Structures are given as C-alpha cells and as structure tokens.
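Asks: my questions are about this predicted structure, shown below with the sequence.
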Amino acid sequence: MNGTSHFLGPLADPATPMPSLELQNVPTDALMAALNSMLRIRLAEEAVAGLVEAGEAKCPCHLGIGQEAVAVGVSMILKAGDRVYGTHRSHSHYLAQGGSLDAMMAEILGKASGASRGMGGSMHLYAPNVGFEGSVPIVGATIPIAAGAALAAKMDGKGAMAVAYFGDGACEEGVFHEAMNMAAVMKLPLLFVCENNLYSSHLDIKLRQPADSVARFARAHAWHTEVVDGNDVIAVKVAAQRLADAARQANGPGFLEAVTFRWRGHVGPSENVDVGLRRSAEELAAWKRRDPVARLAAALISERNAPVEVLETASSAIHQQVESAVTHARSALYPEPRALLDYVYAEAVSR
Ligand SMILES: Cc1ncc(C[n+]2csc(CCOP(=O)(O)OP(=O)(O)O)c2C)c(N)n1
C-alpha cells in the first residue's frame, strides 16, 4: 500500500484476516532462506527468554517474537557495503543480516567472546562484518548515525545505502524529524524502517498520537513512503526493494512502515497481558493468527509444493544451532575486570 492515510485501518486490527502471502517471482530457495532466517530469530529469542527466566541472563532483553518478517524482508534486499543500525530490540536486525548466534548468546551472558566483548548485553549487538553497525538502548539514537552513514555512502559514490530501524515510539523524538529533513534535502541513500508494533513500552499509540500511522511524518518531509503488513515477509521485501532502488538512485530517501505486533511484553519473557491500558489476551491471540513464520510456511506448502512438515524439519536443525550457541556461551570466559575501560574510546584512524 502506498499509504496516504493517517490511519492504518485493517493493518492494525488483528480481527481482520490478512490475505495469503503472494510469493510473486521470488525463487523457492530464497523463500526457504527467509523461512530459515525467521525461524533462527524466533528460536534464538525463545532461548533468550528461557535464559532470562532461569536468571542466567542478567541484562534487560527486549524480545521481538512475532516481528521477524520485518528484518528478514529488509535484509533480503540489502547488499554488501550497506550499513544497518538497530534499536533496543535488535536481535532480529542483527541475526537477519547474518550476525553470529554464538556472539549474540555470549554477549547476552556477558562473556568476552560476545558481540561487544561481553560489556554491552542484549541491547549492544554489533557485527560490522555483515553490515550490522550496532544497536543502542537510547530510543532514536541510531537515526542520525544512519543519516551520517548515508551521507558517507553518497560521498563514496559506490551505490551503498544506510538503514535505520526504529519503533513507533521514535517518532516522538526530535532527532527523527531533524534527520528526515536533512536526508530529504540532500537526497541521501537512506531507508528508514519503522516497526510499528502499536506500543511504546506499555502505552498504546492511540493514546500517544492523534493517528496511528507513522508514515504521515515522512510524507510531510517529502520522503517516499510505503505502509505494509509487517507480518508478510514478501510484502516487506517488495516494498523495501522499491524504496531502496529509489534511494540508491538519488531519487530521495524511503520510509517503510511495517505494521506488526510483539508477542512478549516490552522487556523480558512475559506476555504482559496484565499491564498497559489496552493490551489483552484476546488481542495477542488474534495477532498470533498473523504469525509471520507460519504464514510463509503455509504459502510454501500450497504454492511451491514444500513438504507439510517443512516447519518442523527446519526448526529441528536450527534448534540445534541455538542450543550449541547457548552451550558455548555458558562455558565461555567473562571479560577480565582490568579490560573494563579498554574499548571506551576508539583508536584514532589515520587516513
Ligand atoms: C530517549 C529515550 N527515552 C526513553 C527511553 C525508555 N524506553 C526504552 S524503549 C521505549 C519504548 C520504545 O518504543 P518503540 O520505539 O515503539 O519501540 P518498541 O519497544 O515498541 O520496539 C522507551 C520509552 C529510552 N530508552 N530512550
């Protein structure tokens, strides 16, 4: 949908059934890779939930179970050299880019082999080798950094672009609007991906904003916008591709609003149906019927003759990878206390 409305309508109403996925001309192996990537994220986050419940993970862990299609759909269209920036809820962004499971689990358990050497935890993932340039706890903080990376990409002239993920809560930060203005004026190769899960912490967007669609701010800044079902990995991919093509050709930055819902609470493993002013067990159950993983598996079975047990087969292989990452992380060493200040300042880079 090339949205012009201020309101999300059926996209935000889980009682409205969504159509089956249109697989378009995406090759079956790419669809299977997308299914595996979404499952890898889901099973990894379920394992993280278990680590928090068991008291093994001490850092705050924000889980995005239910939102996997957004990061996977976007990563499907990115290229080597693109730079991706995350949020406080970035396991999916990091893993979809190909970030290491071992390094993620080690980071969450505070081990020296972690993505940030065990000094950051779940909200400080980093894998520049696969284009994931970092996640941070401060809402909106990576938005201007991504705009800077897009400016650098434009100056380098090699066709790369930058991507910033954020939630609907980030539109309430001034820097979001400042970066959008600058990027539009400079026609930066920049893609903003707003995972609109309809909540900021425990507060429903309807109680925070006069309208529930965030893309309206981007249209006001003369950006190209697309508003999609964020639980449809193909819809996300196709819209992201259109926006990225325009942005890379200096036709202006792109704003993708992917409407989705997190199955767990704001932070930690609980479903949080007992907090907030609207989130209810019925609403959560309705959103689970829009499960992005099950929907892709169903489309693969009906449209591409995948075996009916496609999900179970893929899950058991990935489950082993996740278990192995947790086992490695448990037995890894903690950082030395004397290393605490080692990585606070970057080394000067000589050109
Ligand atoms: C600048 C700033 N203000 C407040 C917070 C506290 N905080 C952490 S996450 C969050 C909610 C963010 O909601 P949203 O951007 O919609 O992302 P979601 O959690 O839904 O993925 C808030 C208010 C923060 N980390 N940084």
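Replies: Received it, and whenever you're ready, just let me know what you need. All figures in this text were calculated on a predicted structure; none of them were measured in a lab.
Asks: and whatever residue of the stretch 201-350 of the chain ends up closest to the ligand, how many neighbours?
Replies: In the stretch 201-350 of the chain, the residue that lies nearest the ligand is Ser201 (4.5 Å; Cβ to the nearest ligand atom). Every C-beta, even on glycine, is put in place using the N, C-alpha and C of the backbone. As a burial measure, Ser201 scores 13 neighbours (other Cβ atoms under 10 Å).
Asks: ok, for it, nearest residue in space, not its chain neighbours?
Replies: Using Cβ to Cβ, 6 or more residues apart in numbering and skipping the chain neighbours, the partner closest in space to Ser201 is His266 (4.8 Å).
Asks: what does the stretch 151-300 of the chain put close to the ligand?
Replies: For the stretch 151-300 of the chain, the contact set with the ligand under Cβ under 6 Å from any ligand atom comprises 166-170, 197, 199-201, 266.
Asks: which parts of the stretch 1-150 of the chain are strands?
Replies: Ranges of strands in the stretch 1-150 of the chain, per DSSP state E, counting those that start in this stretch, are 83-85.
Asks: OK, now which residue of it is nearest to the ligand?
Replies: Counting by Cβ to the nearest ligand atom, the stretch 1-150 of the chain gets nearest to the ligand through Val139 (3.8 Å).
Asks: test my guess that that residue contacts His62.
Replies: No - with contact defined as Cβ atoms under 8 Å, Val139 does not reach His62; the gap is 11.2 Å.
Asks: list residues touching both of these two?
Replies: His88 (Cβ atoms under 8 Å, 6 or more residues apart in numbering).
Asks: more neighbours: these two, which one.
Replies: Neighbours were counted for Val139 and for His62 using other Cβ under 10 Å; His62 has more, 22 against 19.
Asks: any idea of the mean pLDDT for the lengthiest helix in the chain?
Replies: As assigned by DSSP state H, the longest helix anywhere in the chain is helix 28-53. Here helix 28-53 scores 98 as its mean pLDDT.
Asks: buried residues in it?
Replies: 31-32, 34-35, 37-45, 47-49, 51-52 (16 or more other Cβ atoms under 10 Å).
Asks: next one: it to chain centre, how far?
Replies: 12 Å (Cα atoms, centre = their mean, to the nearest Å).
Asks: equivalent analysis for stretch 61-73, please.
Replies: Per Cα atoms, centre = their mean, the centroid offset for stretch 61-73 relative to its chain is 5 Å.
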